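> Fold the following for me, if possible:
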Amino acid sequence: MSEIRLSKIMADRGLCSRREADKLIQQGLVRVNDSIVSKLGTKIDPTAIITLAPKAILAREKLVTVIVNKPPGYVSTQPEKGYRDIRALIVPTHQHIPSNQIKREPVKPESLHTAGRLDIDSSGLLVLTQDGVIVRQLIHPTHPVSKEYIVTVKGTITKSNVEMLRGGLVLDGKELRRAEVSQTKVDQLRIVLRQGRNRQIRRMCDLVDLEVKSLIRVRIGQIHLGDLPRGNWRFMGSDESF
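Below is the predicted model of the structure:
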């Protein structure tokens with residue numbers, strides 16, 4: 001069995017991101033079997049036992065993830081001049097504290113990275129995090145976490161276009177993964193995806209002659225938007241996971 005870079009194996013096992021792995025290796029905080037490894041680029045047997053030093057484990061436990069109810073008009077990734085950055089909402093005045101959570105220290109918005117985007121016209125559940133493992137879990141194609149949307153459309157919803165939305169549509173020359181699609185109101189659909197192509201739902205609806213009027217993401221994996229007010233954010237609890 002050929003050897004693989006230690007940092008890649010650490011990321012694949014969900015111990016940390018590859019960037020974090022490189023930092024931990026350089027600091028001498030990673031042990032492979034019985035030996036500390038501190039040289040970047042080290043390759044190891046993919047079946048080896050990898051352990052993190054207590055200092056590294058503690059640092060990872062301090063990483064922050066927040067849940068935001070994104071309003072339309074905010075950009076979730078790399079905002080251009082004149083557009084509002086979603087991180088501008090991560091301030092104490094917009095914090096929502098659930099009854100089962102204690103108040104925590106403020107988080108620096110600039111330290112957070114978006115784990116899966118929502119386009120400027122869409123709203124709902126958005127995840128911002130300091131944890132590269134969560135980013136990988138939510139956006140990497142090998143981790144198909146389900147995402148649920150409520151979509152209001154203009155046009156006639158029929159059994160035929162619902163079935164087309166469920167499977168068989170092609171975007172950019174590639175067939176889309178099968179989706180869960182159901183009609184919830186005369187002008188509304190519930191759509192669950194396990195992939196995240198650019199503006200996917202809007203483009204899917206265009207292909208079946210439906211125009212998206214509003215799009216709200218209400219769930220990612222096991223995390224629900226719940227009663228989080230629009231424009232507010234909250235810390236992800238230690239008992240929560242995707």
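> contacting residues around the regular element (helix or strand) spanning E163?
Secondary structure assignment for E163, by DSSP states H and E: helix 159-166. When contacts are defined by CB atoms under 8 Å, 6 or more residues apart in numbering, helix 159-166 is touched by residues 178-183, 189, 191, 204-205, 207-210. In short, each C-beta sits where N, CA and C put it, glycine included.
> how about it: buried residues?
N161, V162, M164, L165 (16 or more other CB atoms under 10 Å).
> E211 contacts K154, doesn't it?
Yes. Because the distance of 4.2 Å satisfies CB atoms under 8 Å, E211 is recorded as touching K154.
> Can you flag the buried ones in the contacts of helix 159-166?
Buried among the contacts of helix 159-166 (16+ other CB under 10 Å): A179, V181, L189, I191, M204, C205, V208, L210.
> Dump those residues into JSON lines; add secondary structure, distance to V127 and pLDDT as well.
What follows is the buried ones among the contacts of helix 159-166, written out as JSON lines (DSSP: H, G, I helix; E, B strand; the rest coil; distance: CB to CB, whole Å; pLDDT from 0 to 100):
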{"residue": "A179", "secondary structure": "coil", "distance to V127": "20", "pLDDT": "95"}
{"residue": "V181", "secondary structure": "strand", "distance to V127": "23", "pLDDT": "97"}
{"residue": "L189", "secondary structure": "strand", "distance to V127": "23", "pLDDT": "98"}
{"residue": "I191", "secondary structure": "strand", "distance to V127": "19", "pLDDT": "98"}
{"residue": "M204", "secondary structure": "helix", "distance to V127": "22", "pLDDT": "96"}
{"residue": "C205", "secondary structure": "helix", "distance to V127": "24", "pLDDT": "97"}
{"residue": "V208", "secondary structure": "coil", "distance to V127": "29", "pLDDT": "96"}
{"residue": "L210", "secondary structure": "coil", "distance to V127": "27", "pLDDT": "97"}
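> Which one of those is nearest to P71?
Distances from the buried ones among the contacts of helix 159-166 to P71 were compared by CB to CB; the smallest belongs to I191, at 20.3 Å.
> if we can go back for a sec, please export the alpha-carbon coordinates of the helix holding E163; PDB is fine.
Listed next in PDB are the C-alpha coordinates belonging to helix 159-166 (Å, rounded to 0.1, in the frame of the first residue of the first chain):
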ATOM      1  CA  LYS A 159     -46.800  16.500 -11.900                       C
ATOM      2  CA  SER A 160     -44.600  16.500 -15.000                       C
ATOM      3  CA  ASN A 161     -42.300  19.400 -14.000                       C
ATOM      4  CA  VAL A 162     -42.100  18.100 -10.400                       C
ATOM      5  CA  GLU A 163     -40.900  14.700 -11.800                       C
ATOM      6  CA  MET A 164     -38.400  16.500 -14.000                       C
ATOM      7  CA  LEU A 165     -37.000  18.400 -11.100                       C
ATOM      8  CA  ARG A 166     -36.600  15.200  -9.100                       C
END
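> Before I go, just wanted to say thanks for your time.
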